[in-house]
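Participant: would you be able to build a 3D model of this:
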Amino acid sequence: MSTTETISGPISDLTLEEAHFVARVAAKTHAADDVVLLTLQHQDGEDLPPWRPGAHIDLVLSNGLTRQYSLCGDPADRGSYVVGVLNAPNSRGGSQFVHESLAAGDSVTVRGPRNHFRLVDAPTTCSSPEVSASHPSPR
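Facilitator: Take a look at the predicted model:
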């Protein structure tokens, strides 16, 4: 796995060297109609690079396609990544390949994570009395 050095600031994360590694599909589960969840683990059992909500990874598929998928799950879990993949029948074939050909135990190259949609902590403000009463703001 490549080392990743990150410069963090209030607005952006800049990755100086992006992680690139081979992962094993630890699990492939049906989540909803036309949606599977892939659980990915580093093939050598190493910790995966850290990520924050809004981050995504590239999956370099063995059919020659590279597709980006948003990470979901617990960012504190460094042992696995989880991505949800919708089978989009009118797409260019990446999601169809994941649904029909990728199986638990298979290997896939992963690049990232990267985050173009980083969430920023912000104070909660609400003018609705119903919501304010059920979720009082910290003082």
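
Participant: how deep is residue 79 tucked in, by neighbour count?
Facilitator: Residue 79 sits with 12 neighbouring residues when counted by other Cβ atoms under 10 Å. Where you see a C-beta, it was placed from the backbone N, CA and C, and this is true even at glycine.

Participant: what about it, which SS state?
Facilitator: For residue 79, the assignment made with DSSP: H, G, I helix; E, B strand; the rest coil gives coil.

Participant: quick check: closest non-adjacent residue to it.
Facilitator: Residue nearest to residue 79 in three dimensions, not counting chain neighbours: residue 41, with 6.3 Å by Cβ to Cβ, 6 or more residues apart in numbering.

Participant: show me what the host helix or strand of the one you found is packed up against.
Facilitator: Following DSSP states H and E, the helix or strand that holds residue 41 is strand 35-42. Under the contact definition 3 or more Cβ pairs under 8 Å, 6 or more residues apart in numbering; DSSP states H and E, strand 35-42 sits against strand 20-32, strand 81-86, helix 94-100.

Participant: now with 7 Å?
Facilitator: strand 20-32, strand 81-86 (3 or more Cβ pairs under 7 Å, 6 or more residues apart in numbering; DSSP states H and E).

Participant: these into CSV, with extra columns for mean neighbour count and mean pLDDT?
Facilitator: Below are these laid out as CSV (neighbours: other Cβ atoms under 10 Å; pLDDT from 0 to 100):
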stretch, mean neighbour count, mean pLDDT
strand 20-32, 15, 97
strand 81-86, 20, 98
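
Participant: export those to CSV and tack on distance to residue 51?
Facilitator: Formatted as CSV, these follow (distance: least, Cβ to Cβ, whole Å):
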stretch, distance to residue 51
strand 20-32, 14
strand 81-86, 8
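
Participant: those strands: which one's closest to residue 50?
Facilitator: Distance to residue 50, taken as Cβ to Cβ, is lowest for strand 81-86 among these, at 10.9 Å.
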